[in-house]
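[1] Pasting the sequence and the predicted coordinates here, then a few questions.
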Amino acid sequence: MKSSTMTIGEVADHFGLPAHVLRHWESVGLLCPARVTGGRRRYTRDDLFRVASILRAKQAGLSLPDIRAFLAAGDPATRKDVLRRNHCALQVRMAALRSALDLLEAGLNCSHEDVTTCPNYRGRLAELVEVGGGG
């Protein structure tokens, strides 16, 4: 950071966000930048870490209310509760993404003329196709 504070535009550019996103996060209690003459927002290094936390939490699938609860929590136990609630959901999403990636890789590595009829490709889909415990 060049100076000790940054404008909303500088922060938005730094993180590749539209400025209105930062304003929205402020309106829902996720950010509270200092104000200077004329009511202009000034973001400190701590604010940048908070924005980075919000972005990573969103990438992990946390909702804005959960992110707010996490950031506003006054004690470590409350913060860990928010993280625990979201940990399992993220693991499920990651497993689904891993399965999707495996399917794409099976298709890419297939030498069959029609990949959709390839036994290896279809094997990756079998759990979705099987109905009622055996046929």
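    Perfect, I can see it now.
[2] Mind checking what secondary structure Ala24 has?
    No Ala there; residue 24 is His. Here His24 is helix, with the state taken from DSSP: H, G, I helix; E, B strand; the rest coil.
[3] Just give the number of residues close to it.
    His24: 13 surrounding residues under other C-beta atoms under 10 Å. From N, CA and C alone the C-beta is placed, and that goes for glycine too.
[4] and it, how far is that from Leu31?
    9 Å (C-beta to C-beta, to the nearest Å).
[5] Please tell me the pLDDT value assigned to the residue most central in space within the chain.
    The centre of the chain sits closest to Gln59, judged by C-alpha atoms, centre = their mean, with a distance of 0.9 Å. Note for Gln59: predicted pLDDT of 93.
[6] Equivalent analysis for Met1, please.
    Among the per-residue scores, Met1 holds a pLDDT of 47.
[7] now the helices for this protein?
    Per DSSP state H, the chain carries helices over the ranges 8-15, 19-27, 45-59, 64-72, 76-108, 119-123, 126-129.
[8] Same list, the ones you listed, but as CSV with distance to Gly38 please.
    Below are the helices of the chain laid out as CSV (distance: least, C-beta to C-beta, whole Å):
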stretch, distance to Gly38
helix 8-15, 13
helix 19-27, 16
helix 45-59, 18
helix 64-72, 27
helix 76-108, 35
helix 119-123, 61
helix 126-129, 58
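[9] Thr37 is nearest to which of the ones you listed?
    Among the helices of the chain, the nearest to Thr37 by C-beta to C-beta is helix 8-15 (14.9 Å).
[10] Now do that closest one, average pLDDT.
    Per-residue pLDDT over helix 8-15 has a mean of 97.
[11] Only the buried residues of it, if you could.
    Neighbour-count burial for helix 8-15 flags Ile8, Glu10, Val11, Ala12 (criterion: 16 or more other C-beta atoms under 10 Å).
[12] Flag the shaky bits of the protein, pLDDT-wise.
    Within the chain, the stretches with pLDDT under 70 are 1-3, 133-135.
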